[in-house]
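Novice: I'll drop the sequence and a predicted model, then ask my questions.
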Amino acid sequence: MPEADVYIIAIGVNDVMDWDGYDCADTAEEYTERIQKVHDIISEVSPGAKMYFIAPWVFFDYGDAAEVRGNEFREALRVWCEDNGCIYINPVPSILSVIYTEGASVFMYNELHPYAPEGVGLYSYAVLREDHLRRVNSAS
């Protein structure tokens, strides 16, 4: 892993989905334990680097269990980031506000995967917007 001043980590969507036969985190606690390992590796390579953790992607029409599990994992990541001095960004509110206005079919290939470039553009916009709101709120 190359040394850097800033790392942006967006992982965990497969853990949230809990795919059968794959090595997924079974619980939000196990998910944050895996996040801790990533953090520790980065800290060894780049002590003092700023780390941004992006909340796992949201799913559409995938059932209540996936929504509940996603919310649990996102909240666990938020708390973990707060406890470990990392920056947490949750793009889900911005993603949902656009999807509910313009429709999922504009941005989504299916209930799990965004189209490129529309869906990827929405994701990028949502991350930047939520980070901007985070900074504005922390300055007040």
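Specialist: Structure's in. What do you need? Because the structure is a prediction, the values reported are computed rather than measured.

Novice: what about residue 130, which helix or strand?
Specialist: Counting by DSSP states H and E, the element that carries residue 130 is helix 118-139.

Novice: quick one: buried residues of that helix?
Specialist: Neighbour-count burial for helix 118-139, with 16 or more other C-beta atoms under 10 Å as criterion, is recorded at 119, 122, 123, 126, 127, 129, 130, 131. C-beta here means a position set from N, CA and C on the backbone, and glycine is covered the same way.

Novice: Including distance to residue 52 and pLDDT, could those go into CSV?
Specialist: Listed next are those as CSV, based on distance: C-beta to C-beta, whole Å; pLDDT from 0 to 100:
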residue, distance to residue 52, pLDDT
119, 20, 91
122, 18, 93
123, 14, 92
126, 14, 94
127, 9, 94
129, 14, 93
130, 11, 94
131, 8, 93
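
Novice: And those, which is closest to residue 2?
Specialist: Closest approach between the buried residues of helix 118-139 and residue 2, by C-beta to C-beta: residue 127, at 21.7 Å.

Novice: in terms of contact, does the closest one touch residue 90 like I think?
Specialist: No - using C-beta atoms under 8 Å, residue 127 is not in contact with residue 90, being 9.2 Å away.

Novice: Thank you kindly, that will do.
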